[in-house]
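Visitor: For reference, the sequence and a predicted model appear below.
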Amino acid sequence: MNIKCIFKIVLFTMFIFILPASQPSIRAESSSYPADSIQSPAGTANQYLQNQKDNGDTDVQQEQSSPMGRTSISVSTDLVTMQVLVTDTKGNVITGLKPENFVVYEDKVKQEITHFEAIEANITTVLLVEYRKYGDYYIDNEFIRQIYSIAEYFARNLRKGDWVGVIGYDMKPIILADFTQNKLEFLDAMRAVSFPAMSEHNLFDALMDTFDRTQEIEGKVSIILLSTGLNSFSKHTYEEVLDRCREAHATIYAISLGQWIRARYGDDVAARYMGVAGGFPLTPIDLSMADARLRYFAEYTGGNSYYPRQDGEIPKIINNISALLRSQYSIGYVSTNTKKDGKFRKIKVEVNAKVMVNGKEAKLKVKTREGYKAAEL
């Protein structure tokens, strides 16, 4: 064995022992795709970040401990807790509310709030990105440009303590970057979408797989879905994904891709153009259904959907998502229904508060999970 080989072995051994062990990971095996398919054995994490000196530039951030607690809705002993977002009709986040401003119902039965906390939280999110190949140079490059533009604006909104991972999908999902706090690593992973290889876009399977991988991650978790909403040959059905959305821990914020084509040419031409380029015949109805999918995925998980038709809309959308993710209320109650029958229980949260915006009383909107399964108790 020569000196170079010995040197490499020593470096590799040192690298293993100095890797941090506290970050969350999306590389755990899922029910849809085994860990082998993403080049990592089950239970391991892509822990490549080293503690770096904070030089005042948040492009390279020091590693922090992963957020603690369960995500969005959790059930601990008999306490049901959930993250609640309150906005006005324009999407502006409402802060400063108190426990007496909220009323919680479970299956139409009023519950007593026993836990309340206003939180300004760090972000733990996965960007789930469609990067199918259309086979048309112009369309492919415009999609890539839009995706990377969204990623750049999102990176600008990342703060110290935020975690972000990247999963791309065409025929199947593949992890492009495990959770990192390094903006440069995140952007470098996003550049992988510059080389789409397949024309399939199995959105339903990708979402189910991402739900599996984020299910047990501690803390509040979100999925920022960059997608046309189109689906080709998924093993899972639309109804299965909607059912999973109702009880998933992660909140979806969907940004529709390809709206610029529709704005420029109209849905009739855009459908034919995108369909021929992608090898799948499309109609305007297909595009409308794709929009509806993104909307319902987001609504069922307590998130939002966005349909930007111009690049100038992207900064506002990313700023809105960042604000929604960071400013929420944690509310908990002990259910009056003590049965552990495994049935789905629907939750409704109402807010009663007089909030003035620009001299007028604002109409308030509440977003949270639809409910939980009693079997989780």
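Guide: Received the coordinates, thanks. Residues are numbered from 1 along each chain as shown.
Visitor: just for the stretch 51-200 of the chain, where's the confidence low?
Guide: Scanning the stretch 51-200 of the chain for pLDDT under 70 picks out 51-77, 133-137, 194-199.
Visitor: Spell out, range by range, the strands that occur in it.
Guide: 73-76, 79-88, 102-106, 109-111, 113-120, 124-130, 163-169, 173-180 (DSSP state E, counting those that start in this stretch).
Visitor: go on, the stretch 251-377 of the chain?
Guide: Under DSSP E, counting those that start in this stretch, the stretch 251-377 of the chain gives strands at 251-256, 305-306, 327-334, 344-351, 356-357, 360-361, 364-367, 371-373.
Visitor: other SSEs contacting the first one?
Guide: Meaning strand 251-256. strand 222-227, helix 284-301, strand 305-306, helix 314-326 (3 or more C-beta pairs under 8 Å, 6 or more residues apart in numbering; DSSP states H and E). Using the backbone N, CA and C atoms, a C-beta is placed for each residue, glycine as well.
Visitor: most tightly surrounded among the ones you listed?
Guide: strand 222-227 (a mean of 25; mean count of other C-beta atoms under 10 Å).
Visitor: for it, the distance to its chain's centre please.
Guide: A distance of 5 Å separates the centroid of the chain from that of strand 222-227, by C-alpha atoms, centre = their mean, to the nearest Å.
Visitor: ok, residues contacting that strand?
Guide: Residues outside strand 222-227 that contact it (C-beta atoms under 8 Å, 6 or more residues apart in numbering) are 123-130, 147, 150, 154, 201, 203, 207, 210, 214, 250-257, 294, 297-298, 301, 303, 321, 325.
Visitor: State the distance from the residue lying closest to A118 once chain neighbours are set aside to P315.
Guide: Excluding the flanking residues, the one nearest A118 by C-beta to C-beta, 6 or more residues apart in numbering is Y329, at 5.5 Å. Noted for Y329: a distance of 26 Å to P315, by C-beta to C-beta, to the nearest Å.
Visitor: Next, count neighbours for T214.
Guide: Neighbour count of T214, defined by other C-beta atoms under 10 Å: 25.
Visitor: Ramachandran angles for it?
Guide: Main-chain dihedrals, T214, degrees, to the nearest 10: phi -100, psi 0.
Visitor: so what pLDDT did it get?
Guide: Here, the pLDDT recorded for T214 equals 87.
Visitor: can you check S327 too?
Guide: pLDDT for S327: 82.
Visitor: Give the bridge partners for it, please.
Guide: When assigned by DSSP bridges, S327 has beta-bridge partners E120.
Visitor: That one contacts E120, doesn't it?
Guide: Yes: between S327 and E120 there is a contact under C-beta atoms under 8 Å: 6.0 Å.
Visitor: Between those two, which has more neighbouring residues?
Guide: Using other C-beta under 10 Å, the more surrounded residue of S327 and E120 is S327, with 17 against 8.
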